[in-house]
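1. model the structure of this input:
(3 chains)
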Amino acid sequence: MKREVSRDVERVVLTLDVNGEKRDLLVPSHKTLLEVLREDMQLTGTKHGCELGECGTCTVLVDGKPHLSCLVLPIQLEGRSITTIEGMAHGSELHPLQVAFAELGAAQCGYCTPGILLSARSLLEENPRPSRDEIREALAGNLCRCTGYIKILEAVELAAGRML
Amino acid sequence: MLRLPRLKYLRPKTARDAARMATELGPRAMFVAGGTDLFPKLKRRQFDIDTLIGLDFLSRAIRNGSDECSIGAGATLATASRDGHLNARYAGYAQAAGLVSSPPLRNAGTIGGNLCVDTRCNYYDMTYEWRKAAGFCLKKDGDICLVAPSSPRCWAVSSSDTAPMAIALDGVAILAGPDGDRELPVRDLYRDDGIDYLAKQPSEVLTGVRLRAVAKTRSAYVKLRRRGSIDFPIAGAAVAAELDGDTVVRCRIVLSAVASHPLEATAAEDFLKGRTISTDTIREAAEMAAKPAKPLDNADLSHFWRKRMVRVVVEQALAQATTSTGGSVVKLSGL
Amino acid sequence: MRESPHPALRADLPRERGGELRVVGKALPKVDSAAKVTGRAIYADDMLPARTLHCRILRSPHPHARILSIDTSAARRIPGVQAVITGIDLPIKFGILPVTQDERALEHEKVRYVGDPIAAVAATDEEIAAAACDAIEVEYQVLDPVMSIEAALAEPKDERIQDYGGPNNVHKFVALEFGDVDDGFARADKVREDVFFFQGNTHLPMEQHSAIATYVDGRVTLWSSTQVVHYVHRALSKVLELPMHRIRVIGAAHGGGFGGKTDPFAHEIIVSKLAMLTGRPVKCTLTREEVFYAHRGRHPVLMWVRTGATKDGRITAMHFRSALDGGAYGSYGVASTFYTGALQTVTYDIPAYRFEGCRVFTNKPPCGPKRGHGTPQPRFALEVHLEKLAGDLGLDGVELKRRNFVRPNTRTVNWLRVTSCGLEECTERVMEASGYRTRARRPGHGMGFAISSYLSGAGTAIYWNDMPHSEVQIKVDRGGVTVYCGAMDIGQGSDSVLATIVAEELGLQPSDIRLVTADTDTTPIDLGSYSSRVTFMAGNAALEAGRKMRAMLVEAAAAKMGRDAASVSVTDGRVGDFTFEEASVLAEARFGTLTSAGSYTPPKIAGPYKGSGVGPSPAYSYSACVVDLDADARTGLVNVNKIWIAHDVGRAINPLLVEGQVEGSVYMGLGEALMEEQVFRNGLHKWPSMLEYKSPTFLDMPDVETFIVETLDPEGPYGAKEAGQGPLLPVPPAVSLALHDALGVWIDEIPATPEKIVEALRRKDKGEPPRYGPAHFPAIAYPPVIKVQPPPRDS
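-> I've put the predicted structure just below:
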């Protein structure tokens, strides 16, 4: 570890498509998407709980599919579209999933919420009428310690019903 | 926040270029595809490298022919688990891919990555600080195995879900070296060594895997893990059975997470050959299959209990592959 | 839904109760829900002011060692390193309890667990700070570590872990007797003894602890992920030697606590000190591994319980012993020790009760308060034990428990005052809904029933004082209402409770209320989010402040209307003939600046004995639970099918939030019952990661059916009690009892992992006692019991 900081930092210029906006960036090539979103783009809605791919908190969408931002480098994502929680609402109009999560108390401390909302959005785009078991399967990579998952399941079902 | 060490990221356009870069850089560099296994290990400082060679060029295609299926190493585990042809003709393989870790991880993790996934040990898959406190182990920075201190070797556990299934389906790995391609049966891709667990050259790129189609073969993969998601296998059984009615023509049984390599249960395979499938034959075969499994105290739950569970997962995988009713009431992942 | 709306009331949630109440009792969204679902809420680690330095902490690699020397010179030479501090820079000890001021932010003399902080670095980048920590050379004299309760009770090989307490590594003894226990046992037809073990586990909040400090104009400001800004404030003042008015602590948006962020922590003090030294903002966010070391989680507890009962199942006496593995420091441990013996009597009428408790120091991260603080362990033991006792008497377990339920408005033998009590109704609800009595028998299927109780806030403060436990101010200005309170919303919805209560009193909606909370500069005190105290205490303070404000508005409106104040209604945004805004203008003209304040001090109800401060609460919640599961005899694998839980919350201020607390408690209880455990190997935490510390996923959580029972507590705000902790407690025993129902074996040790179940079955097959659990309770030299005269039975 001591030796690492004497190495040169390789920086890369790249263009990231985040929430439909293309941003030109100059970032160290070893910085993960999680770090770049939070520290270089001030998109702090993406949270982190382990940085090792074990909790799902940092989930974002890459081309509409849930990915762990702690385990991917921006350099691997050029030309792909990234969606974070900040890109979920349409202007000041919340996404039906966000409305349902708010209405049913599916967000308690709210820390796992961005990742779960994005995973749920990806599910509903693929499968607009998921069964409860299908929702469980789709969200099984996202841990939550507050809710016992019950209100989250109910909120996804409520939103799915409204989106049909 | 745990962060990666400072790294250069190289972007070769072909496997040949990648292999040449790897040859040139030697142990300073590693290949990365999905990164789902490598990045956590780099953050925990389990490898000392300064360069990543990106395998973004790898084919992601799954091609189905009449006598084999060819899967690009860059295909994600999610893609493979949902592929219609794979599910129809190589069900166990699709099951295995779909049981790796969790949904977001499967969207990034690749077929090639899961075949090459590093062996695991709960003395090794820890942060630099933890390993320093514990005393470094044989696999990284140390000179003894903390699981079996008197043993001269490393006992880290092969934890791939798809490798046993690929072996059971007579899979062939396609490797690209600096000077050309070669094919290697997947069973020959592994060595019984927790450290040097892959038989390929470090500079060789795994570019794909081919699964052989055999008429009347049914396959199944059963995985045991504590939770319904996220966890690595603590025991697993891959079965591919060629049946003539109720009679076993040929049956392959390969175990995961019970040794440093995918463990082929050859005695049980031989036993089953020519026998009629019944609850008793399944039970007997499972008993035989479990015998060589040697779980150690380096994964979740006690190794006594894991050892006991091996025959259960084999039984269930055999039942799934050979009978229409499938396994028993025990709820293991994948049932 | 648009941002900042008046959220529509969901018509399909039939939870409306409470007669004329307009917003209390309604299933309204939390007031911070929009911020939470948009990612806009700012947690401590989200803050990155210009020039922020990043802090990393060097931690001990040894469970027990003397520090001989610390050399930071190489670390200081690394470019980008701005400051390096060690224990010499922060020598003053602190701790949450006045009697156990035994922690240092950085230890320079001795380390007591792997993870004990030794030095800290502030650098321009986190990776530089980490590398600098790695470059610090520390010379240790390694000492023999003490890693179990038994080892802690024995004479230490090298030296004691702490230099107080004793004998050996005992931290604290408690020995109390209420009533004549020997006589009670003599009167019993059956006396039974059992031994239990509840393994330690941790909170595992999704958010890692984080704190960021600035030092401007000679004042420290700290934003932290804490449950209690006030206790952090006190600790900072002590260690930094600054008066409290030169320190400001602000609770950032909170990513989960469960008790794990209730102590003041080293990193909070460290960043403050580093900010003072560098003049720059300094941030420290713990890694997940460090969160396991910060811990303060569930104590591992060995328990022995002896109960006597008559033939018809009436308890005549109980003797309960506990031994807590406390880890290396005091934390809340003295209170935790008392809590393992305090609440047995709050569910069951025990006429004579003896409690002997003991907490020991071990070389592990310190244990402290986790959801249920010290009471889930004895609750597990008690519920399983009583079922066994019922079996001995040939009685049904549920029936035996019911015959001993405490009654409302009584005092327990240990002087705890019970007011409202919905035990009977809770039991009836889950019995009926689960079909427990009429269940069909099939192999491997089982159901288990258990009850519990918990505090609605501790009746005494952590440090002795006569001041209120919670205070609320309200300001009304141009129709806008702002509520100020030190309470910290940790996700449980305390902000929503404050807004709901004030809105109710002022005829508004919760979303009309602006909140300023958990900021020691701008808000009056609240003792924080622990011991389930906020709804009851801050709620009562808000109610008082709200009523005072309402009275001013009404008086001004009545004067203008020329009517009697009693005839002026305050509802639906109107005060009498006026809009709320008009009324507020009238009131401001009449009274000047419109402010009101309320406060809450718990009644003095502690019993007349030393140690009586732990256990009293102004009101107790009650729960009953049924678990339905299938267990496989061959593998020990368990599949929980469903859980029914009824919870007496007094009144649901917001039923949606109550359900959320109940479901979350059930989840956490189930994780503890089946898989969560904080265990150690060779002096190290065996698996400080989210992969290997097993937290149930979506696929491991069964359906939960929740029943809210309302008993309208006489002292709670609108009758409300607590919901955030009590419902966890009955889940582990109900799981164990369901396993017994399914397989005929007793699992007397939590978590009930498949290997333990298989081992219990093996013993059963061999004709040994069909159980898995500790063989015996260690011989502990408890001091002589202090005999306390119980209160008169009819009071």
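2. not counting its neighbours along the chain, what's nearest C:Thr52?
-> The spatially closest residue to C:Thr52, leaving aside those adjacent along the chain, is C:Pro281, at 4.4 Å (Cβ to Cβ, 6 or more residues apart in numbering or on different chains). Just so you know, the C-beta spots here come from the backbone N, C-alpha and C atoms, and that holds for glycine as well.
3. quick one: contacts for that neighbour?
-> C:Pro281 makes contacts with C:49-53, C:212-214, C:275, as judged by Cβ atoms under 8 Å, 6 or more residues apart in numbering or on different chains.
4. try C:Glu383
-> C:Glu383 makes contact with C:401, C:450-452, C:730, C:733-734, C:737, according to Cβ under 8 Å, 6+ apart.
5. which ones among the residues you listed are found in helices?
-> Among the contacts of C:Glu383, the ones falling in helices (DSSP state H) are C:401, C:733-734, C:737.
6. most widely separated two among those?
-> C:Lys401 and C:Ala734 (11.8 Å; Cβ to Cβ).
7. closest to chain B among the ones in helices among the contacts of C:Glu383?
-> C:Ala734 (19.9 Å; Cβ to the nearest Cβ).
8. was I right to think the closest one contacts C:Asp628?
-> No: between C:Ala734 and C:Asp628 there is no contact, the gap being 9.4 Å when judged by Cβ atoms under 8 Å.
9. which residues do these two both contact?
-> Common contacts of C:Ala734 and C:Asp628 (Cβ under 8 Å, 6+ apart): C:Ile643.
10. neighbour-wise, which of these two wins?
-> Applying other Cβ atoms under 10 Å in any protein chain shown to C:Ala734 and C:Asp628 shows that C:Ala734 carries more neighbours, namely 34 against 24.
11. hmm, back to that, give me the common contacts of C:Lys401 and C:Ala734.
-> Taking Cβ under 8 Å, 6+ apart as the contact rule, C:Lys401 and C:Ala734 both touch C:383, C:449.
12. what is the neighbour count of whichever residue of the stretch 101-250 of chain B sits closest to chain A?
-> When scored by Cβ to the nearest Cβ, the stretch 101-250 of chain B has B:Ser102 as its residue closest to chain A, at 2.8 Å. B:Ser102 has 31 neighbouring residues, counting by other Cβ under 10 Å.
13. grab the nearest non-local neighbour of it.
-> Nearest residue to B:Ser102 in three dimensions, chain neighbours excluded: A:Gly141, at 2.8 Å (Cβ to Cβ, 6+ apart).
14. residues in contact with that neighbour?
-> A:Gly141 touches A:56, A:59, A:66, A:68, A:119, B:101-105, B:229-230, C:697, counting by Cβ under 8 Å, 6+ apart.
15. so which bits of stretch C:126-144 are buried?
-> Using 16 or more other Cβ atoms under 10 Å in any protein chain shown as the test for burial, stretch C:126-144 gives C:126-136, C:138, C:140, C:143.
16. could the residues you listed go into a markdown table alongside pLDDT?
-> Shown next, in a markdown table, are these (pLDDT from 0 to 100):
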| residue | pLDDT |
| --- | --- |
| C:Glu126 | 96 |
| C:Glu127 | 95 |
| C:Ile128 | 96 |
| C:Ala129 | 97 |
| C:Ala130 | 96 |
| C:Ala131 | 96 |
| C:Ala132 | 97 |
| C:Cys133 | 97 |
| C:Asp134 | 96 |
| C:Ala135 | 97 |
| C:Ile136 | 98 |
| C:Val138 | 98 |
| C:Tyr140 | 98 |
| C:Leu143 | 98 |
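17. can you redo the residues you listed as TSV with distance to C:Pro369?
-> Shown next, in TSV, are the buried residues of stretch C:126-144 (distance: Cβ to Cβ, whole Å):
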residue	distance to C:Pro369
C:Glu126	30
C:Glu127	34
C:Ile128	36
C:Ala129	30
C:Ala130	31
C:Ala131	35
C:Ala132	34
C:Cys133	29
C:Asp134	33
C:Ala135	36
C:Ile136	32
C:Val138	31
C:Tyr140	31
C:Leu143	28
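18. nearest to C:Val472 among these?
-> Nearest to C:Val472 among those, counting by Cβ to Cβ, is C:Glu126 at 39.2 Å.
19. now do the contacts for the closest one.
-> B:1, B:3, C:54, C:56.
20. dump the residue contacts of C:Pro63.
-> Contacts of C:Pro63 (Cβ under 8 Å, 6+ apart): C:112-114, C:145, C:147, C:363-364, C:683-684.
21. do B:Arg250 as well
-> Taking Cβ under 8 Å, 6+ apart, one finds B:241-242, B:269, B:273 in contact with B:Arg250.
22. restricted to strands, list these.
-> B:241-242 (DSSP state E).
23. in ChimeraX, how would I select just the buried ones from the contacts of B:Arg250?
-> Buried residues among those (16+ other Cβ under 10 Å), as a ChimeraX selection:
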select /B:241,242,269
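24. closest to C:Leu637 among the contacts of B:Arg250?
-> B:Ala241 (24.8 Å).
25. correct me if wrong: A:Asp24 contacts A:Val18.
-> No: A:Asp24 is beyond contact range of A:Val18, at 11.5 Å (criterion: Cβ under 8 Å).
26. now do the contacts for the closest residue to C:His685 other than its chain neighbours.
-> Spatial nearest neighbour of C:His685, excluding adjacent residues (Cβ to Cβ, 6+ apart): C:Phe292 at 5.6 Å. Counting by Cβ under 8 Å, 6+ apart, C:Phe292 touches C:115, C:202, C:365, C:678, C:685, C:688-689, C:693.
27. hmm, try it at 7 Å
-> Applying Cβ atoms under 7 Å, 6 or more residues apart in numbering or on different chains to C:Phe292 gives the contacts C:202, C:365, C:685, C:688.
28. any idea which residue sits dead centre in chain A?
-> For chain A, the residue sitting closest to the mean C-alpha position, by Cα atoms, centre = their mean, is A:Val60 at 2.5 Å.
29. ok, back up a step: I'd say the residue of the stretch 101-250 of chain B closest to chain A and B:Gly228 touch.
-> No: B:Ser102 lies out of contact with B:Gly228 (Cβ atoms under 7 Å); the separation is 9.6 Å.
30. now do the shared contacts for the two.
-> Common neighbours of B:Ser102 and B:Gly228 (Cβ under 7 Å, 6+ apart) are A:Ala140.
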